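Participant: I would like the atomic coordinates for the input below:
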Amino acid sequence: MENSEATPSAGSPNSSNSSSPSPLTLNPTSQPVVISPCAACKILRRRCADKCVLAPYFPPTEPAKFAIAHRVFGASNIIKFLQELPESQRADAVSSMVYEASARIRDPVYGCAGAICQLQKQVNELQAQLAKAQAEVANLQLQQANLVSALLCMEVAQSQPNPEQPIVDTTFIGSPESYRTDPNFMEDNLWEPLWT
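Facilitator: This next block holds a predicted model:
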């Protein structure tokens, strides 16, 4: 009977299964510390080892992150991929896998390539808009330069004193009366050639 009291029965809440660790452990100061398996081990329903390759990149607070990557790549492929990389590159690789997996789930046919094509199309459209705006700016700058030069010319013309009006020798041109009074006008001018 004493043995049954010392070891909990299989149905009791304090019983522990050999496949899952106890969530509470005692540290030297006798305060309970909760050790939670990483999100990957939770989803895979396995024991999270101290040196779990997935634990640093899939924390227990972000289970969806691993679920997405696991759905597309599979856990064994993710583990193999991370083990082949140096530790300095693993965080970037995990974020890339999660992004690629979520893109593949959103667009099963094109995946990341579809997102890249869409972004490239937006870049091309924005470059065309930028070129158009730059052309408009250049045109407006040219118009402004023309207006400034026209205003300067007008100011220079207004600031200079008006030269005296040229005196026109009316005897040379003649007035209608001079034609009538000059008897030789018709005779001299009539027979002169037009071109000399």
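Participant: can you tell me what sits against the host helix or strand of residue 77?
Facilitator: Counting by DSSP states H and E, the secondary-structure element that holds residue 77 is helix 75-84. Around helix 75-84, the neighbours that count as contacts under CB atoms under 8 Å, 6 or more residues apart in numbering are 40, 44, 53, 54, 57, 69, 70, 73, 90, 93, 94, 97. The way it works is simple: take the backbone N, C-alpha and C, and place the C-beta from them, glycine included.
Participant: so which residues of the protein form strands?
Facilitator: Along the chain, the segments classed as strands by DSSP state E run 24-26, 32-34.
Participant: weakest of the ones you listed in terms of mean pLDDT?
Facilitator: Across the strands of the chain, the stretch with the lowest average pLDDT is strand 32-34; it has a mean of 41.
Participant: other SSEs contacting the helix ranked longest in the chain?
Facilitator: For the chain, the longest helix by residue count, based on DSSP state H, is helix 112-159. Contacts defined by 3 or more CB pairs under 8 Å, 6 or more residues apart in numbering; DSSP states H and E place helix 112-159 against helix 87-106.
Participant: of all the residues in the helix it packs on, which ones are buried?
Facilitator: Neighbour-count burial for helix 87-106 flags 90, 94, 97, 98, 100, 101, 102, 103, 104 (criterion: 16 or more other CB atoms under 10 Å).
Participant: mean pLDDT per helix and strand in this structure: which one sits at the bottom?
Facilitator: strand 32-34 (a mean of 41; mean pLDDT, DSSP states H and E).
Participant: before we move on, back to that, keeping just the C-alphas, turn the helix holding residue 77 into CSV.
Facilitator: Extracted in CSV, the C-alpha atoms of helix 75-84 (Å, rounded to 0.1, in the frame of the first residue of the first chain):
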residue,chain,number,x,y,z
ALA,A,75,10.1,18.8,-40.2
SER,A,76,12.9,16.5,-41.3
ASN,A,77,13.8,18.7,-44.2
ILE,A,78,13.8,21.8,-42.0
ILE,A,79,16.1,20.0,-39.4
LYS,A,80,18.5,18.8,-42.2
PHE,A,81,18.6,22.2,-43.8
LEU,A,82,19.4,23.9,-40.5
GLN,A,83,22.0,21.4,-39.5
GLU,A,84,23.9,22.0,-42.8
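Participant: which residue sits closest to residue 112, ignoring its sequence neighbours?
Facilitator: Nearest residue to residue 112 in three dimensions, chain neighbours excluded: residue 103, at 4.5 Å (CB to CB, 6 or more residues apart in numbering).
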